[in-house]
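**Student:** Pasting a predicted model and its sequence here:
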Amino acid sequence: MMRGMLGVFQELDSTVEAIEELKQKKVGDLTVYTPTPRHELEHAVEPPRSKVRVFTLVGALSGAAFGYWIAIWGSEYWPLVVGGKAISTWLPYTVFGFEVMVMVGALSTVFGMFYLQGIPRLTMTVGYDERFSHGSYGIWCECAPDKLAEAEAILKRHGAVEVRGER
Amino acid sequence: MATLAQPSGDTLHRPNIASADIQLPAVRDYEQVDREITAVLQPTKAWFLGLMLAVGALGLGVVSFLYQVHQGLGVAGYNPPVMWGVYIISFVFWVGIGHAGTLISAILFLFRAGFRTTIYRAAEAMTVFAVMTAGLFPIIHIGRPWKFFWLIPYPNWRLIWPNFKSPLVWDVFAITTYLTISTTFLFVGLIPDIAVLRDKEKNPLRKRILALLSFGWRNTEREWRHFARAYLFLAAFSTPLVLSVHSVVSFDFAMGIVPGWHTTIFPPYFVAGAIFSGFAMVWTIIIPMRKWFGMKHYVTLNHLDASAKMVLFTSLVVGCAYIVEFFIAWYGGIAYEQDYFWNRVFGQWWWAAWIMLTCNMILPLSLFSQKLRRNPTWLFILSIFINIGMWFERFVIVVPSLSHDVNPWQWSSYMPTWVDFGILIGSFGWFFMWFLLFVKQLPVMAITEIKEIIPPKLKKAHATHGHGGH
């Protein structure tokens, strides 16, 4: 079973330096904790671009299509005939297309966010410390048992106020 | 940044700061943010008193509504052809109140306006509760409120579908979407803050509930990355939604061939009015809150100054719309339209029109004075006047048009009854009850976003400034 080493940091720049060294030496897989989003950490981690936008696009297009469809289909199924007027008209139905696009697009964005974040999460005891939601930064380095000592040394060298092994 | 506001005493020295540069000089570190904002969650006697008042007002509204259901709509003040009255006026009023919340949280987020950071959570909550309040009125207004779901297009045994060309059906879609998205936006922004509460909580039951509500949020870089992207897209969706919802509400009127209603200026006029009234309600809520909760160093005079400029701008737009309405009536040369506007301002409804013009057009001109923009007492008083003025704006739109349309034989009057007033008071009780419950359960200021503008701790001397930003 993989184990890991958790380091708790007080300073942002110490955390960035520890991440850079851990990555350079390929000690293990890193999970970085921060009480608030920081570009410095994002640059150090160099993550791939978020795929949330795919969920947004698919949801918005589906919503717009459904909004127009429900209005057109409902009008054709239950026609309210007014002399000289078309049964289905795209201009007022744009209200439905737009509103449903926004609703489905936004909800699918949130769904995509949850899916990509891996939440809801039922347990969070491994590799987490309650200080990470307040003022501390953290690095959870999940690695093979023979790399644990190296991870611990790097975390300590860069000023971690606490380093502990977890499984 | 030496001229930035201090917690107090900056009224004499009045800097002119770009809204994006507004910072919190008296907030030093993340621990202080956690400590001070979570301290607001402790209930106080004043809070209980406020809650009792709100519940009492809501009780009056419920009694009035039940009486109306039992007796029929005749107990309201309707007087044909004035078949829209306090309920539709209040519907438009509350939808409008909701607009500032989304404007502050979404549009100002996209524009990176710094003054939104400490006020947007309260404004977002205000939006959700205002739209919840607005949504009650179309239901209260219909003769058989238990049939309201007939407006929703769903497969049914009657095989009947709503009229998709009716603005009332557009309203159903617009308001439903707005409520859904506003609630989603509020909740998504709350997740990291709920995690802060969870990690501070000692009571095991509350900790468990907060853990469920936070969805197991752990503040990982991966979570923040997707969060930031999703938040941006939600803001991008909400921005046109803000503009569309009150445009659709304005179509309820503009689609009708009634003097004073059938005009293309209504959508921008309604949107500007909505933002104007919404900001006023934000002041009504925020100004006492910053005083009672000791939050003057979070909502500084610079924040109020920046929001006052927004109010002044929207007041000018609304005032311009009033004048353009009169101009078009004169320039259009339609006798019915001209007669209607004359009746509105100098005839039967002069008192309502002048309340509107005074509160919405004349008093906000005081905000050209920077001294008054930085005076919270004046801003609070002005916010009450604007709330009253904007309710009367909707009164002036709804009632005078219906009571003085193109057929002189059916000109009439309108006077609300105690049932109308009871339900109106009840709506304020409903709104404030939810808001007061919110402020004592969840952070009324965005903890994580405020932390973003606080410089982080560094071991090296070359301090970088905040704006970690998502």
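**Tutor:** Looks like it came in fine. Numbering: from 1, shown residues only, chains lettered A, B, ... in the order given.
**Student:** What residues does the closest residue to B:Val55 other than its chain neighbours make contact with?
**Tutor:** In space, not counting the residues next to it along the chain, B:Val55 is nearest to B:Met433; the distance is 5.7 Å by C-beta to C-beta, 6 or more residues apart in numbering or on different chains. For glycine as for every other residue, the C-beta is placed from the backbone atoms N, C-alpha and C. By C-beta atoms under 8 Å, 6 or more residues apart in numbering or on different chains, the residues touching B:Met433 are B:Leu51, B:Ala54, B:Val55, B:Leu58.
**Student:** any chance you could read off phi and psi for B:Met433?
**Tutor:** The phi and psi values for B:Met433, taken as degrees, to the nearest 10, are phi -60, psi -50.
**Student:** Tell me the spacing between it and B:Leu53.
**Tutor:** From B:Met433 across to B:Leu53, the span is 9 Å (C-beta to C-beta, to the nearest Å).
**Student:** How many neighbouring residues does the residue of the stretch 251-400 of chain B found nearest chain A have?
**Tutor:** For the stretch 251-400 of chain B, the nearest residue to chain A under the criterion C-beta to the nearest C-beta is B:Phe251, separated by 8.2 Å. When counting by other C-beta atoms under 10 Å in any protein chain shown, one arrives at 21 neighbours for B:Phe251.
**Student:** In space, what's closest to it - neighbours in sequence excluded?
**Tutor:** Excluding its sequence neighbours, the residue lying closest to B:Phe251 (C-beta to C-beta, 6+ apart) is B:Pro167, at 4.3 Å.
**Student:** quick one, what contacts that neighbour?
**Tutor:** For B:Pro167, the residues meeting the contact criterion (C-beta under 8 Å, 6+ apart) are B:Val248, B:Phe251, B:Asp252, B:Met255.
**Student:** among the residues you listed, who's most crowded?
**Tutor:** Top of those by neighbour number is B:Val248, holding 24 neighbours under the definition other C-beta under 10 Å.
**Student:** Where does the residue of the stretch 251-400 of chain B closest to chain A fall, secondary structure wise?
**Tutor:** In the assignment (DSSP states H and E), B:Phe251 maps to helix B:221-254.
**Student:** Backbone dihedrals for the closest residue to B:Thr417 other than its chain neighbours, please?
**Tutor:** Nearest residue to B:Thr417, sequence neighbours excluded (C-beta to C-beta, 6+ apart): B:Gly77, at 4.6 Å. For B:Gly77, the backbone dihedrals (degrees, to the nearest 10) come out as phi -80, psi 20.
**Student:** What of A:His134?
**Tutor:** Here is the backbone geometry of A:His134 (degrees, to the nearest 10): phi -100, psi -80.
**Student:** what's the neighbour count on it?
**Tutor:** Applying the criterion other C-beta under 10 Å, we find 19 residues in the vicinity of A:His134.
**Student:** List the buried residues for the host helix or strand of B:Ser427?
**Tutor:** The secondary structure element spanning B:Ser427 is helix B:418-439 (assigned by DSSP H and E). Going by neighbour count (16 or more other C-beta atoms under 10 Å in any protein chain shown), the buried part of helix B:418-439 is B:419-420, B:422-436, B:438-439.
**Student:** nearest spatial neighbour of the residue of the stretch 1-150 of chain B found nearest chain A, skipping sequence neighbours?
**Tutor:** When distances are taken as C-beta to the nearest C-beta, the stretch 1-150 of chain B approaches chain A most closely through B:Tyr30, which lies 3.6 Å from it. The shortest distance from B:Tyr30 to any non-neighbouring residue, by C-beta to C-beta, 6+ apart, is to A:Gly135 (3.6 Å).
**Student:** Hmm, B:Asp34 and the one you found touching each other?
**Tutor:** Yes - contact between A:Gly135 and B:Asp34 holds when scored by C-beta atoms under 8 Å: they sit 7.5 Å apart.
**Student:** okay, the two: which has more neighbours?
**Tutor:** A direct count of neighbours by other C-beta under 10 Å for A:Gly135 and B:Asp34 places B:Asp34 higher, at 23 against 19.
**Student:** all helices of the stretch 351-470 of chain B, in order?
**Tutor:** Read by DSSP state H, counting those that start in this stretch, the stretch 351-470 of chain B holds these helices, from start to end of the chain: B:370-373, B:376-403, B:418-439, B:447-452.
**Student:** Output those in a markdown table, with distance to A:Tyr115 and mean pLDDT appended to each entry.
**Tutor:** Below are these laid out as a markdown table (distance: least, C-beta to C-beta, whole Å; pLDDT from 0 to 100):
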| stretch | distance to A:Tyr115 | mean pLDDT |
| --- | --- | --- |
| helix B:370-373 | 45 | 92 |
| helix B:376-403 | 42 | 95 |
| helix B:418-439 | 28 | 96 |
| helix B:447-452 | 21 | 89 |
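**Student:** Adding distance to B:Trp330, write these out as TSV.
**Tutor:** Conversion of the helices of the stretch 351-470 of chain B to TSV gives the following (distance: least, C-beta to C-beta, whole Å):
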stretch	distance to B:Trp330
helix B:370-373	34
helix B:376-403	17
helix B:418-439	34
helix B:447-452	49
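**Student:** Of all the ones you listed, which one comes closest to B:Phe233?
**Tutor:** If you check each of the helices of the stretch 351-470 of chain B against B:Phe233 by C-beta to C-beta, helix B:447-452 wins as the nearest, at 17.1 Å.
**Student:** Where does the stretch 301-450 of chain B get nearest to chain A, residue-wise?
**Tutor:** In the stretch 301-450 of chain B, the residue found nearest to chain A is B:Thr448; the distance is 4.9 Å by C-beta to the nearest C-beta.
**Student:** what's around that residue, how many residues?
**Tutor:** With neighbours defined by other C-beta under 10 Å, the count for B:Thr448 comes to 26.
**Student:** and what of the one 3 residues further on?
**Tutor:** Other residues near B:Lys451 come to 26 when the count uses other C-beta under 10 Å.
**Student:** Next: B:Ile37.
**Tutor:** When neighbours are counted by other C-beta under 10 Å, B:Ile37 comes out with 23.
**Student:** Tell me which of the contacts of B:Met433 fall in helices.
**Tutor:** Within those, membership in helices is found for B:Leu51, B:Ala54, B:Val55, B:Leu58, as judged by DSSP state H.
**Student:** how about the helices of chain A, start to end?
**Tutor:** A:12-24, A:39-45, A:52-77, A:90-117, A:148-157.
**Student:** and those as JSON lines, adding mean pLDDT, mean neighbour count and distance to chain B?
**Tutor:** Formatted as JSON lines, the entries for these read as follows, by pLDDT from 0 to 100; neighbours: other C-beta atoms under 10 Å in any protein chain shown; distance: least, C-beta to the nearest C-beta, whole Å:
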{"stretch": "helix A:12-24", "mean pLDDT": "90", "mean neighbour count": "20", "distance to chain B": "4"}
{"stretch": "helix A:39-45", "mean pLDDT": "88", "mean neighbour count": "17", "distance to chain B": "5"}
{"stretch": "helix A:52-77", "mean pLDDT": "95", "mean neighbour count": "18", "distance to chain B": "4"}
{"stretch": "helix A:90-117", "mean pLDDT": "95", "mean neighbour count": "21", "distance to chain B": "4"}
{"stretch": "helix A:148-157", "mean pLDDT": "89", "mean neighbour count": "18", "distance to chain B": "13"}
